[in-house]
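> can't give you the sequence, but here's the structure:
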C-alpha cells in the first residue's frame, strides 16, 4: 500500500514539473536569431565593425558592449582576421 502511494506521488510530482516546463515555454517563447555574422578583416577593431553597422541614433559604446556579450569577447584587442563574430541587428523604430 505504501509503495503505491510513493509511485502515485512520484507520478503526480513529475507530471507537475513537466506541466510547469510546458507552460513556461509557452509564456516565454524562444527568440529567433537577431544577429548578423561578420568576418573580421585584418587590422579591424570592434569600433570599426560597430560603426559600419550602426546609425547616428545608436550609442556605439553600448553596441560594442552588446557585441562583446554576444560573442563572449573578454579582450576586444585580440580579434583575429578571419574570425567570425555575430553582431546584433538594429531594432527598427
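Structure received. Here the structure is a predicted model, which is why all the values come from computation and not from measurement.
> please make it C-alpha for all contacts and neighbour counts, starting now.
OK.
> quick one: the helices in the protein?
In the chain, helices defined by DSSP state H lie at 2-27, 46-52, 60-71, listed in chain order.
> give the buried residues for the shortest one.
Think helix 46-52. 46, 49-51 (16 or more other Cα atoms under 10 Å).
> surely residue 90 is in contact with residue 54?
Yes - with contact defined as Cα atoms under 8 Å, residue 90 counts as touching residue 54 (7.2 Å).
> show me how the protein divides into domains.
Domains of the chain are assigned by automatic domain parsing as 1-29, 35-88.
> winner for burial among these?
Across the domains of the chain, the average number of neighbours (mean count of other Cα atoms under 10 Å) peaks for domain 35-88, which reaches a mean of 14.
> and residue 89, what's its pLDDT?
For residue 89, the model assigns a pLDDT of 89.
> how far away is it from residue 53?
8 Å (Cα to Cα, to the nearest Å).
> low pLDDT regions in this protein?
Scanning the chain for pLDDT under 70 picks out 1, 20-33, 92-93.
> residues contacting the spatially most central residue of the chain?
The chain has residue 70 as the residue nearest its centroid, 6.1 Å off, counting by Cα atoms, centre = their mean. For residue 70, the contact set (Cα atoms under 8 Å, 6 or more residues apart in numbering) comprises 86-88.
> now do residue 54
Residues near residue 54 by Cα under 8 Å, 6+ apart: 60, 90.
> before we move on, what about the one 4 residues further on?
Remark: with contacts taken as Cα under 8 Å, 6+ apart, residue 58 is in contact with nothing.
> chain center to stretch 9-16: distance?
The chain centroid and the centroid of stretch 9-16 are separated by 32 Å under Cα atoms, centre = their mean, to the nearest Å.
> from residue 56, how far off is residue 89?
As judged by Cα to Cα, residue 89 and residue 56 stand 15 Å apart.
> still on that earlier bit, so how far is residue 45 from the residue nearest to the centre of the chain?
Applying Cα to Cα to residue 70 and residue 45 gives a distance of 16 Å.
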